[in-house]
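The sequence and its predicted three-dimensional model are supplied below.
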Amino acid sequence: MDLLIELFSEEIPARMQAKARDDLRSLVTNGLVEAGLTYASAGAFSTPRRLVLSVDGLTAESRPVREERKGPKVDAPAAALEGFLRSTGLSKDQLEVRDDKKGSVYFAVVEKPGRHAAAIVAEVLEGVIRSFPWPKSMRWGAGNLRWVRPLQSILCILGDEGGSQVVPLTVDGIVAGNVTRGHRFLSSGAFAVTSFDDFAVKLKRAFVILDSAEREAAIWQGAQNLAFAAGMEVVPDAGLLTEVAGLVEWPVPLMGRIAEGFLHLPPEVLQTSMREHQKFFSVRARSGRIEGFVTVANTEPADHGAVILKGNQKVLSARLSDARFFWEKDLRVAKAGMGEWLDGLRAVTFHNKLGSQFDRVERIAALAREIAPLVGADPDMAEQAARVAKADLRSAMVGEFPELQGKMGRYYALEAGEKPAVADAARDHYAPLGPSDAVPTEPVSVAVALADKIDTLTGFWAVDEKPTGSKDPYALRRAALGVIRLVLGNGVRFSLVDATTLSLAGHIRPNGWEAALEYNLRYNEEDTVAQIEGMADSSPFARYLMGGVSSDANGLNEFDVVSAWHMGGEFERPRSYQEVAEKTGYPAEQAELAFEVINSWFDRYQDGLALVDSQASLSGLQRDPLLSVHSGTSISQYIAAVSGNILAFLHDRLKVYLRDQGIRHDIIDACLALPGNDDLTLLVKRAEALAAFLKTEDGPNLLQGYKRANTILTQAEAKDGVEYSYGADVKFAETEEERALFAALDRAEAAITPAMQAEDFAGAMAAMAQLRAPIDAFFTAVQVNSDNSVTRRNRLNLLHRIRAICSGVADLTRIEG
Amino acid sequence: MSDPRPAPRSFQEIILRLQTYWAAKGCAILQPYDMEVGAGTFHPATTLRSLGSKPWAAAYVQPSRRPTDGRYGENPNRMQHYYQFQVIIKPSPPDLQDLYLGSLREIGIDASVHDIRFVEDDWESPTLGAWGLGWEVWCDGMEVSQFTYFQQVGGHDCRPVSGELTYGLERLAMYVLGIDHVMDMPFNDPQSPIALTYGDIFRQTEEEYSRHNFDAADTEKLFDHFKDAEAECARLLAFAPDDPKSGKRIIMAHPAYDQAIKASHIFNLLDARGVISSTERQAYIGRVRALAKACADAFRLTPAGADAVEVGA
């Protein structure tokens, strides 16, 4: 039999339709199969007003089922029998008595006859409707049913060659029938259908294209034809195409031109404004400039859309007027050097524990400067690029269209007179955003992109907001993958631990600096001021903290004021400005301001202590920020611990990334044991060489020999309680094979060490491969655990040499198999 | 489909046609609420009456104030004072979409020439503790109405569900009348002996209120008024229901709700004056919501807001 279901409702949000189709298909067909039916094929469709499922080749009845249940013994208490009868729904004379090993036992044999498909369909469909997994659902009217929007009718018919029948079904007062409706405006009245084919044909006659793929194709074809006729082309946008196909039942593309006065706007602006607000496709002229649009109407009016197009054009003009207003307003700031925005970043919170975007930019600039030489970028340019890269976050355009961040940044940086490489970095430093997003290659962009992502990782680690399980609200896995792809994609050679250490210091130093200042002042260390000033020279963060009010009209700067207060012997908040005047000697008119400055310092200082606290608890350190900062040990221990933690996270992400590239995780593990494992480029080079080696014939054999040597050695060491690590001497060798192994190890060592130093991992592997034959021969001919203790010790020491030499290449114990 | 009506000629004709239409469909045509509100939804005919099980059908024009949107009458379609037309029907009738489309036809928007679309837009009012699902209705790419099925108001589930329609009157009228700047829109019939445009009536007030809202409103007093309204709302709700004078049970839900409306508008004014930081904003919204919720709780205890006792339940 063939089953046709249509759930007809008020407009279903476009973004929910694809999943709803899949859910309807799988939930209904699973339900049918569970109830004992089988089917040949099923297809689901959607329009804004309907979800449709067509199931072909459905069996007319479910298989009969015979179920046997064992009950109590015949001589069991009456209550046991009553319970059994209740649970089976049978009477005593319907039970069978069978002889079991333990005596006579009641059996209930329930024959469930096959059920008609219609009954099963009704049951399954009602269940599916009542528990449909919409992302958001609602009630309407006085009913209790939930659906994405009011459900208006249900069509449900089962048919075969002999005709079709409505499946008897009522859900919350909606009685299923064989009737549907066509397009809301282009057709009128309801009509009955007898099969899926009949349904699809009649719908089309009623101005509804049922299949979303067909609507997409019609939209795309129609749009291209319109553009082609005007000598232009439509800018492809698959996401928009799907969305628009979910907004219309009868798509009618209409093309219009963008008014002359807006054509100078950047293409990204035109495109974003048209797509986001109006769901228009962009149309570009031969010159590449975006000059037109295609809107898709859901109707076919008599005037061929003249009124509709005019209305859309009017709305577009209003939208683009806004965009032009933003653009012009932004250009004024950009041409003036973007200073207003850079300063304004102080007011943009990045994260409440990680300060403002301004703080973040300062940190990224410092880090980009350090990374620059390692990626072949000019440090000054990298620092400058980092400073301007996020300026556009304050622009009016990005305020309106957040997705234009970076893209606008590039335009504005160019207007501000920045070099192209700096401007490009503003656009590209967010990349790569996804696994398939291109990796920047321009050195300045690479430096800023790396600094940006490393700062994100260290920042969230420092405030203990690491990803857990499926929760990764700050997209730290994406940031880690970004670091990995930037490093590997550009063959960058640098120590990630150095970079994260430097970056972490940037997160911690502001608080450390203040804590140190207070400690030093409290204990009257004389070199405090010089020390702090020295720090200010080297640390942008200290500079920022000190410079907070340095150019105040009253000639007060925070550092002076707070120092004066502390020097007066006061380490609590001032109670009044009179008290400040008294202790510091400031004249009354300045003391009032000083009072505020000191109070605001205390606010920040207490935040700082809280942060140091949270960091201390994170790393398991004692809470004594003053002392730990002063001695300089605990904080650096803490930084080392966090850096190690971040590196482990990066290694995990690297394994996932390389697995997709076909390199096994155990191969990475084997390479991680070696020094320099925070240089990802080197690490991967090693892993690739090892993976290649393990594919050769020598690879697995050497591995076996190595593992055998290692096992014997480990067992002997455990048994004897000593370490056999030195002193193998060829003069105690008794056999040719032993002597040959000595010679082979000498040769291998002589070759491997320089090869490893030269990062010639293939060479090192090849040298290691040379050990395979001598090791095999050795184990065939020689009994390690000889009765002669000298011989035995010498052989064990020889095995140690195998382990030592090989582990200089990779930790082969990690390799599986 | 009925023949399209002749095109309306003025702003007020559109309002009058909408009123006549919805009156014919059985709505009580109410008058605007006599307080400053940010949107038609604040009218107790919508917020409070959407609670409880008593059927309800009303339509009304509501002048709405959004102090931050003031542009001294210069922006073609942004003002600090504008009109909404609001329809609220409980329970939402099954043909509400068709009724709505009929109202568009009534004001000259004919679906055989125009492209009318229901585009997903879920509505939420943090200050009212309310949300619903529905659409914004597009006519030729322009949003002309909000269409919402209320799910919750003042923290109470709406049972039954009310259907709410909100028409942004100026924008809709400008489109129907083909006007580019709101101030140029004919308010009464342009053939009248004394023809008045929207600007004749509102340009000066837009200037005055823009200056007031942005620069002159006394923020210190407003902060006090906010606290006063908040306190008064709580005080009114704290009265025992039994009124000794009349001997009746009288819960003062509406007078208390007036104070919540007042607090909400004062908050909007303070926001326009730029004296509320982004962190404080959330706190203020929370305080207004608490008031709205307390009023909704109280209204549910009154005859108009209670659930009918179900027979046989």
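Noted; the coordinates are in hand.

For chain B, which segments are assigned as strands?
Secondary structure of chain B (DSSP state E): strands at B:28-29, B:56-65, B:81-90, B:116-120, B:123-125, B:130-139, B:142-153, B:156-157, B:163-168.

where among the ones you listed is the average confidence lowest?
Ranked by mean pLDDT, those end with strand B:123-125 at the bottom, a mean of 91.

touching chain A at all, that strand?
No. Judged by CB under 8 Å from any CB of the partner chain, strand B:123-125 stays clear of chain A, getting no closer than 11.3 Å. C-betas here are computed from N, CA, C, even on glycine.

For that strand, which outside residues touch it?
Strand B:123-125 is contacted from outside by B:39, B:41, B:130-134, B:146, B:148, using CB atoms under 8 Å, 6 or more residues apart in numbering or on different chains.

quick one: which of these is nearest to chain A?
Within those, proximity to chain A (CB to the nearest CB) peaks at residue B:133, which comes in at 4.4 Å.

Tell me where the model's unsure across the stretch 51-200 of chain A.
Low-confidence segments of the stretch 51-200 of chain A (pLDDT under 70): none present.

wouldn't residue A:12 be in contact with residue A:24 here?
No. When contacts are counted by CB atoms under 8 Å, residue A:12 is not listed as touching residue A:24 (11.5 Å).

Overlap of the contact sets of these two?
Counting by CB under 8 Å, 6+ apart, the shared contacts of residue A:12 and residue A:24 are residue A:51.

Quick check: the gap between residue A:687 and residue A:655.
Going from residue A:687 to residue A:655 by CB to CB, to the nearest Å gives 10 Å.

These two: which has the busier surroundings?
Applying other CB atoms under 10 Å in any protein chain shown to residue A:687 and residue A:655 shows that residue A:687 carries more neighbours, namely 25 against 19.

ok, the residue nearest to residue A:187 when sequence neighbours are not counted - contacts?
Nearest non-adjacent residue to residue A:187, counting by CB to CB, 6 or more residues apart in numbering or on different chains: residue A:206, 3.9 Å away. Shown in contact with residue A:206 (CB under 8 Å, 6+ apart): A:181-183, A:186-187, A:191.

So for residue A:450, what pLDDT did the model give?
Looking at residue A:450, its pLDDT is 96.

For it, give me its contacts.
Residue A:450 neighbours (CB under 8 Å, 6+ apart): A:368, A:371, A:375, A:483, A:486-487, A:492, A:499.

what about the closest residue to residue A:812 other than its chain neighbours, how many neighbours?
What sits nearest to residue A:812 in space, not counting adjacent residues and going by CB to CB, 6+ apart, is residue A:706, at 4.9 Å. By the criterion of other CB under 10 Å, residue A:706 has 23 neighbours.

so residue A:706 touches residue A:804, yeah?
No. The pair residue A:706 and residue A:804 fails to qualify as a contact (CB under 8 Å) at a distance of 11.3 Å.

What parts of the stretch 51-200 of chain A come near chain B?
Counting by CB under 8 Å from any CB, the residues of the stretch 51-200 of chain A lying close to chain B are A:136, A:138-143, A:148-150, A:152, A:184-185, A:188.

List the ones among those that fall in strands.
Using DSSP E, residue A:152 are the members of these that sit in strands.

and the residue nearest to residue A:141 when sequence neighbours are not counted, how many neighbours does it have?
Excluding its sequence neighbours, the residue lying closest to residue A:141 (CB to CB, 6+ apart) is residue B:91, at 4.4 Å. Residue B:91 has 21 neighbouring residues, counting by other CB under 10 Å.

Can you verify my assumption that residue B:91 contacts residue B:55?
Yes. If you go by CB under 8 Å, residue B:91 and residue B:55 touch, sitting 6.8 Å apart.

so which of the contacts of residue A:450 comes closest to residue A:302?
Nearest to residue A:302 out of the contacts of residue A:450 is residue A:486 (CB to CB; 57.6 Å).

per-residue pLDDT, the closest one?
Looking at residue A:486, the pLDDT reads 96.

Look up phi and psi at the residue of the stretch 1-150 of chain B found nearest chain A.
Closest to chain A within the stretch 1-150 of chain B is residue B:140: 2.7 Å, counting by CB to the nearest CB. Main-chain dihedrals, residue B:140, degrees, to the nearest 10: phi 50, psi 40.

Tell me, how many residues neighbour it?
A count of nearby residues for residue B:140, using other CB under 10 Å, gives 24.

Please apply the same query to the one 5 residues further on.
Under the neighbour criterion other CB under 10 Å, residue B:145 is assigned a count of 24.

Repeat that for residue A:420.
Residues within reach of residue A:420, counting by other CB under 10 Å, total 12.
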